[in-house]
Every structure is written in C-alpha cells, then in structure tokens.
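Q: Okay, here's the prediction I keep looking at, along with the sequence it came from:
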Amino acid sequence: MIRLHITLLFVFLLAGIQMSQAQETVVLAVGQYGDLVFTEDTTTGDVVIPLRRVQNLFVLEGIVDGQRGNFILDTGAPGLVLNAAYFNKGKVLESASSFGVTGGGDQVYRYAADSLIVSGLSFYDLQANVADLGHIENARGIRILGLIGSGMFSRLEMVLDTRASTLGLYRVDRSGNRVFTPDELPAADLEIPLEYSSSLMFIRGVAAGKKLRFVLDTGAENNVLSTSSPSRVIKEIRVTNLTTLKGAGASTLEVASGRLPDLQLGGYDFDSMTFLLTDLSQLETAYGTIMHGMLGYEFLSKGIMVINPRTKILRIYFYEDPIK
Amino acid sequence: MGRDILVVLIMMFPFLAKCQVPEDFISHRGNLITVRFNLKNEQETRELARYFEVDFDSLSRFHDIGKLVDEGWFIMKEKKNLLIIARSMDMGGKFDWLYVAVPVAGASYNNAPGYPRGLPFGFNEFKDKASVFPAGDSSTVFMLYGHSDAGTVMLSGNFNDWSTGATPMEKVADGWMVRVPLREGQHYYKFIVDGRWMSDPQNKHDEGDGYGGSNSVYFKTNHVMRLSGYREARKVILAGSFNQWDEHMCAMQQDEQGWYLPVYLKEGTYTYKYIVDKKWITDPDNPVSRADAEGNINSVLSLGQPTVFRLPGYSNARQVVLSGNFNEWDPGELLMTRTSSGWELPYVLAPGNYEYKFVVDGNWIQDPDNPLHYADNLNSNSILTVQANHRFFLKGYENAGQVQLSGSFNGWAFPGYNMQRVAGGWEFNLYLPPGKSLYRFIVDGNWMADPGNNQREFNEYGDFNSIIWREMKDVYTYDK
C-alpha cells in the first residue's frame, strides 16, 4: 500500500540565503514570509540522525512546540506538514487544498509553529501546513506528528543509508564541498544529476526510448509511474498486482503495479523495479512542473544515497549490483 | 507466534484451481481444505487476500478488523491469537461459506515491528558480563561497555517508544549507563552511538528487527524457579506450558541450594516440570499439581491476583464450566466449584478485556450478575475487564435510553459495549492496548465522536473518529 505522499499545493520557497553568525546559531535561510525558518544550534551543523524504519517509511524524531514525536522524512513534500489530529487548535492561519496520488483532495490548513528541533538542528518560526495524516497512522501503527520535507534540509548534504537506518546532514559550501566533516566516502558507483524545482528534487531517466522525469521521494513507499507518461513506457510495464492506495481522509484508489524492465537513470540500467501506475496530473498541475513519477523506497534502498544540493548531484554507493 | 493465516475452504476445490497457492501450503481432510501461508511473504499474502476480497490491511492489523465486518464478513469465533471470520461466497453460481482465520492482536499483543509480542515467558543470557541487570531501586540498569570515544550514546527500545533522543546514557568509568524504570516482561532495545544504531554486543538474546538488523531482547524477571537439592545432577531443564514444554530451551543454573533460574512469567496459570538428567519430575516444593488430558501430573504455578468468577444458584446442576476467549472457549477445562450459594472459580488473568460464558450442564449462559455484555451477529457474551486503564465518559445525555461504545478495540462492534449510566453522563472502563485506538459513541442508535476529546480524524463516512493513543512508555515503564 502506498500512502499519500505529496501532500501540498502550497510550497515553501526558500528565498535566498542569508548567512550570519550569532554565537552558536547560524541562520541559513529565510522563508517567503520573512520569518526565520532554519537555524542550527550546533557549531558545525553536521549531524547523523538515527532513523526509525516503519515498513518502507523513514521516521525521525523531533520536538515541535514542545511536543516530541515522530516525523516522516518526505522529500516529496516541500516543507513541514503537521498532523491535523494534534494541531487542530489555535494559530491556524489560512486554508488551501491538497492532492495526493489517490487524487483525493482535502482541506489543508496553515499553522505557525514556534520551533522544531531535530537531533540538534533547530528551526524557528515555521509556517507549517496541516493535513490529515491519520491514514498513515492507521496503516502503520505509529503516531505521526508530521512530515519533514526536503526544503527543511535544502542547504545540507543528505546521506541516506537505508541499511544503517541513518540520515547524515552535512554543511557544504557554495561549491558543494563539506565545510566541517571530511567526506571520506570513495568515488561513487554512480552519479546522477538532480534538478531542483518547486522545492522538490527531480531525476531524469529513459525508458522505452522516452525521456522521463521522476521526483526523488523518501516518503514514497513504492515507486510510482504516472499514467500520463508516454504510452510506449506504460506498455512496457508488466502488471503483476492490483493495489488499493489510501490517501488522506477516506480517499482510496485501486491501481495496477508492475515491473518496468528497463529504466536508465544516469546512464545506468535499473532492471525491473516495481512501479505503481496512477494519474499524477493533479500533482503536476499543483506544482506546475512535469512529473512522470516518483522514485521511492525500492530505489532509495539500493545503496547509500548522497544528495548534494550545491553540486546538484546524487551519488549512489550500491549495496549490491543493481543489475542482479 | 501466530503470524500465519489459515484459510479454511469448504467444498472449494474449483476455487483453488484458480488460486496461485503453493501446494506445500495446502492440506485437506475430507472436504475441508486448509491453506496456510505466511504473512511475512507479503506478495503471496496480498495475492491470496485480494483473491478472496479481503482487505490486506484488515488482515494484518487488529484494529482494522472492524472493516472486515463492513466488507460482509461475520465474526465467527475469537481464539487466543486467531479470529475466525466467514463470508458467503459466490462460486460459479453456488453460494457457500469461506472461513478465514486471521491472527489478531490480543490485549497484550502488538503487531508493530519492534514491540514485544506479549510472550508469557522468558529469561536472559549474556556473554562475558551482564549488560542489563536490576538495580537496587527496582529500576533496570543498561550498560554499554567501552565506546569511550563516543560523543553521545542513547538507549532506544520499546519502553521509550523507540525514541532516538529521550533516553541519553551517562558516561561512566567502563562505558555508558542509564537506569530505566522497566516494568516486568519482555523488552527490545538498541544503543545509538553518535547517531548510529547498534545491538547490545553482550546480550545473547536478539531477534531480527525486520530490516536486516537485530534488536537485543531483555526480560525483566519477576519470579525465580527453584529446585532444591539434586546437587549431584549434571543438568536440569525447566519445561512447561509457558515454553511449549521445550526440553532444551531453559537450562537452570546451580547454586548452594540446588538449581534456579530467574524468569519472567506473565500473570496467569501455568503447568511445568523439571527434567533432571533427562528424567521428568514434578516440583517437590510445590504441593499444587494437576493432571493433564493424558493423565500426566504436572506442577501448577499461578502468578497474579485471581479473578473470582461466581455463578449464583443452579444448585441442581451437575457441572458448571467457565469458558472464555482466555482459554480458547474450551468447554471442559475450567470446572467451577460448588459453593453454598452457587458456583465459583478463581482464575488468574493478565490485564486485558475478555469475553466469557458459563456452561451449565452443557448449556451456555451469560453471567446473570454482569450487566456488561457484547453481542455480535452470532453470540452474546459477558465482558470482563481486568485492570482497566481508561475510562470512557460521555458527559450529559441524561435522557438517552442507551449509550454504547464501539471502536477499534472491539472490532467496531455494533451495537458495541453498553455504557453504564452514572452521575453526569455515561461511562465504560476498558483496558486499552498500546498504540492507537479509534472509537465513537452510539447514543440511541446514532453514532457520534467523543465531544470531550479534541484528538480526532476523518473516517470513511465523512465524519470523525475520536483518537486515544496509549503511549508505549506507559505500558513498558512505571513512574519513578
């Protein structure tokens, strides 16, 4: 089953970078609302965050406005999303709508959070979206306070190690080089260019001779291929299953899933990854960008993933040869 | 552990022909076919579940079983860790019944990875030295030896809901240490050294964490099994109903008085024996014993405060038996004792919610003195809650004729549990399992969310379900 994983119509646009030094607090970015949105308490800003694994979800711990709880690492969401079950009183700012892979739309509210603390990283004066995440809790049996999107870590190199269940975050300079902790990893097995758009990360690929554009989505429990992708690609899918997707609220949708025999990413053949087939046109409209699908857990668990927002390169250190 | 699903099909050979189930998993006796497959094989499970139009998530999680009722399934019978459901199936124009037995979460059974399965029994073994042990103040000490270069070390486990930051360890002379007020029972844990997970290198007991790693396992013990004497024996093994009479698992340790083994035993009643150099003996220090179905005499051990079941009257009855979901509705096991006013039986039950009946000379009856009962499509049983941990309260509605409680904890039963009228409203006390519980009230037939609870979420009917989270740390630790 897949959960709703690109939740928001409204996105955070981290407008520019203002670097300043105030004791041990480093201001890294200022949001569109003029509020300070990202500071670090530590002198280096380099941390290794232990992740909890809940089936194919990556969960990290945070404290928002004094309430400690679980957040899903979700690079398919631009910023912070809070669960309406626990953030339904006071400080609601405005409403919007959300769309997910099920196509179901639900009201989304804005919430002004004073602070979010994650493993030594502190974020202040956050504008969070509030959405119903009860379907994730019910399906996975874990209390979820919210989702932490890619925009929250947009100025840090991310090292996602699925096998070790860790997320490393490292400060990098304008050239993409580590500022504090030396990068001791050898040359990567594969480097894939990243495109940043609408606070999301995209990877280009080729299947059946057609060019495709995927969101790199740590919140996607399954890879997804949009039914609006070129028909030659759709025909390549060998359907093996029908799956019921559950989105926010009560929205459900039965979709086919199957293996895509030949997908090239960064010139490398990713043989027979499984994709769910669903219509992502509403998401494309919401984000105003082309989106043929999402690369989720199956892709991300193939190796150590190093995402550098400055070089805009995804480095992969495969656990095993992906062709096997 | 009941992680298998049993699918019992009656007169369904043609049906199976279309179903891609490995033959190894099929057995049949007469016209009864049993298909067994493993929930760990998600693909196979999904295919079979889809074939029989069973919601996979309803199968795999207890709190969704209520949805099975919405999908047309009847709740036939609830056993210890199994739920038997049935539905009429259209098989080529001929309707028949499909019976499915699914594993369910009992009162102390949590299906989530990383949380103890409510094992009734366990003990500890370490390598060079114990890394988890009781402290003088009844708390439990966790030690990670060495790692003096680490900047931070955290302890994470089911007892702090696998928090990665709530339980920092303190640097001491020979490593890192923290005290945790653990409750008795089974616990899973890992250390987090500078953000990186590791299992306890000293602990011999671990279990796969489901993601390629392993969780260390510790039992906070509550009882010492002891066999006096036999000092010349070479080996003594403890075997009983708590470990499926395993003849090898529990080797006892020797001291000056004889043989001993600190164990965790969940509240309940158990039978056991010792195996002294391969010879089975009852416990010479325990005067309580009972014959099993084959006539073997076993020692009996009861832990916990017994619940006394009483049935008044029925003085002319020849036999009265207590039967409930706590003994898999066995109608012959728990014989009640005749008293001057009726019948009674003390029986130890762990905290939880139970259903039961009395069997009077073969006739099943509800407990006439217990106003709490639950009726489904087929049965009406008396309800007993042992050590309730939550009071549901609906304020007001003094003029309502009847208020019921329905939620994930009772499979969204309709009409649900009958709430009791009290001053200012309606109440029902229940044992809630750890994790999330969803519920609604039914006031004179009308469903409603709890107006006194702000935590709620949308349901499939466009309305709200109220939410209660029972935190894991409240289940596995006590207040210091």
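A: Here it is on my side, so go on. Residues are numbered from 1 along each chain as shown, chains lettered A, B, ... in the order given.

Q: drop to CA atoms for contacts and neighbour counts, all remaining ones
A: OK.

Q: ok, the one residue in the stretch 101-250 of chain B that gets nearest to chain A - contacts?
A: Nearest residue of the stretch 101-250 of chain B to chain A (C-alpha to the nearest C-alpha) works out as B:Gly195 at 5.0 Å. Contact analysis of B:Gly195 by C-alpha atoms under 8 Å, 6 or more residues apart in numbering or on different chains lists A:47-50, A:166, B:152-153.

Q: hey, what's B:Arg456 bridged with?
A: B:Ser466 (DSSP bridges).

Q: List the contacts of it.
A: A:85, B:449, B:464-467.

Q: hmm, 10 Å instead?
A: The neighbours of B:Arg456, taking C-alpha atoms under 10 Å, 6 or more residues apart in numbering or on different chains as the test, are A:84-86, A:88, A:132, A:134, B:438-439, B:449-450, B:463-468.

Q: Of the contacts of B:Gly195, which belong to strands?
A: Mapping the contacts of B:Gly195 onto strands (DSSP state E) picks out A:47-50, A:166, B:153.

Q: Which ones among the contacts of B:Arg456 lie within strands?
A: Using DSSP E, the contacts of B:Arg456 in strands are B:438-439, B:464-468.

Q: Which of the residues you listed sits closest to B:Arg391?
A: B:Ile468 (11.3 Å; C-alpha to C-alpha).

Q: near chain A, which residues of the stretch 151-300 of chain B?
A: B:161-166, B:192-198, B:209-213 (C-alpha under 10 Å from any C-alpha of the partner chain).

Q: is B:Leu265 in a bridge, and if so with what?
A: Where B:Leu265 sits in a bridge, its partners, by DSSP bridges, are B:Phe121.

Q: I'd guessed it sits against B:Leu119; true?
A: Yes. Using C-alpha atoms under 10 Å, B:Leu265 is in contact with B:Leu119, at 8.6 Å.

Q: Could you name every residue contacting both of these two?
A: B:185-186, B:219, B:242.

Q: Output those residues in a markdown table, with neighbour count, pLDDT and secondary structure appended to each entry.
A: Shown next, in a markdown table, are the shared contacts of B:Leu265 and B:Leu119 (neighbours: other C-alpha atoms under 10 Å in any protein chain shown; pLDDT from 0 to 100; DSSP: H, G, I helix; E, B strand; the rest coil):
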| residue | neighbour count | pLDDT | secondary structure |
| --- | --- | --- | --- |
| B:Gly185 | 22 | 89 | strand |
| B:Gln186 | 26 | 90 | strand |
| B:Phe219 | 25 | 94 | strand |
| B:Phe242 | 18 | 84 | helix |
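
Q: ok, of those, which one's closest to B:Gly362?
A: B:Phe242 (29.6 Å).

Q: Leaving out chain neighbours, which residue sits closest to the closest one?
A: B:Phe121 (5.8 Å; C-alpha to C-alpha, 6 or more residues apart in numbering or on different chains).

Q: What of A:Lys312?
A: Leaving aside its sequence neighbours, A:Lys312 sits nearest to A:Leu194 (C-alpha to C-alpha, 6+ apart; 4.9 Å).

Q: what do you get for A:Ser175?
A: A:Arg310 (6.2 Å).

Q: show me what contacts residue 237?
A: In the absence of a named chain, this looks at chain A. Contacts of A:Ile237 by C-alpha under 10 Å, 6+ apart are A:225, A:256-262, A:272-277.

Q: my question was about chain B
A: B:246-253, B:259-261, B:273-280.

Q: one more time with 8 Å, if that's ok
A: Counting by C-alpha under 8 Å, 6+ apart, B:Ile237 has contacts B:247-252, B:274-276.

Q: how near is it to B:Gly411?
A: Separation of B:Ile237 from B:Gly411 (C-alpha to C-alpha, to the nearest Å) stands at 41 Å.

Q: For chain A, which segments count as helices?
A: Taking DSSP state H as the criterion, chain A carries its helices at A:134-140, A:231-236, A:281-287, A:297-300.

Q: And for chain B?
A: Counting by DSSP H, the helices of chain B are B:13-17, B:42-51, B:56-60, B:65-70, B:472-476.

Q: which stretch in these has the least confidence?
A: Comparing mean pLDDT across those, the weakest is helix B:13-17, with a mean of 36.

Q: Name the residue most distant from the centre of chain B?
A: B:Asp149 (41.6 Å; C-alpha atoms, centre = their mean).

Q: Torsion angles phi and psi at it?
A: Torsion angles at B:Asp149 (phi, psi; degrees, to the nearest 10) stand at phi -80, psi -10.

Q: got the contact list for the residue nearest to A:Lys312?
A: Going by C-alpha under 8 Å, 6+ apart, the list of residues near A:Leu194 reads A:201-204, A:312-314.

Q: Let me have these in JSON lines, adding distance to B:Glu457, neighbour count and pLDDT as columns.
A: Compiled in JSON lines, those are given as follows (distance: C-alpha to C-alpha, whole Å; neighbours: other C-alpha atoms under 10 Å in any protein chain shown; pLDDT from 0 to 100):
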{"residue": "A:Met201", "distance to B:Glu457": "31", "neighbour count": "23", "pLDDT": "93"}
{"residue": "A:Phe202", "distance to B:Glu457": "33", "neighbour count": "24", "pLDDT": "95"}
{"residue": "A:Ile203", "distance to B:Glu457": "35", "neighbour count": "22", "pLDDT": "96"}
{"residue": "A:Arg204", "distance to B:Glu457": "38", "neighbour count": "19", "pLDDT": "96"}
{"residue": "A:Lys312", "distance to B:Glu457": "39", "neighbour count": "16", "pLDDT": "95"}
{"residue": "A:Ile313", "distance to B:Glu457": "40", "neighbour count": "18", "pLDDT": "96"}
{"residue": "A:Leu314", "distance to B:Glu457": "38", "neighbour count": "23", "pLDDT": "97"}
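
Q: Considering the residues you listed, which is situated nearest to chain B?
A: Nearest to chain B among those, with distances taken as C-alpha to the nearest C-alpha, is A:Leu314, at 22.3 Å.

Q: Next one: the closest residue to A:Asn308 other than its chain neighbours from chain B, what distance?
A: Distances taken as C-alpha to C-alpha, 6+ apart place A:Glu157 nearest to A:Asn308, at 4.6 Å, with adjacent residues excluded. Computed as C-alpha to the nearest C-alpha, to the nearest Å, the A:Glu157 to chain B distance reads 16 Å.

Q: Kindly report the same for A:Asn222.
A: Distance from A:Asn222 to chain B, by C-alpha to the nearest C-alpha: 14 Å.

Q: ok, A:Phe299 touching A:Val224?
A: No. Taking contacts as C-alpha atoms under 8 Å, A:Phe299 lies outside contact range of A:Val224: 10.9 Å.

Q: Settle it for me: which of those two has more neighbours?
A: The neighbour comparison of A:Phe299 against A:Val224 (other C-alpha atoms under 10 Å in any protein chain shown) goes to A:Val224, with 25 against 19.
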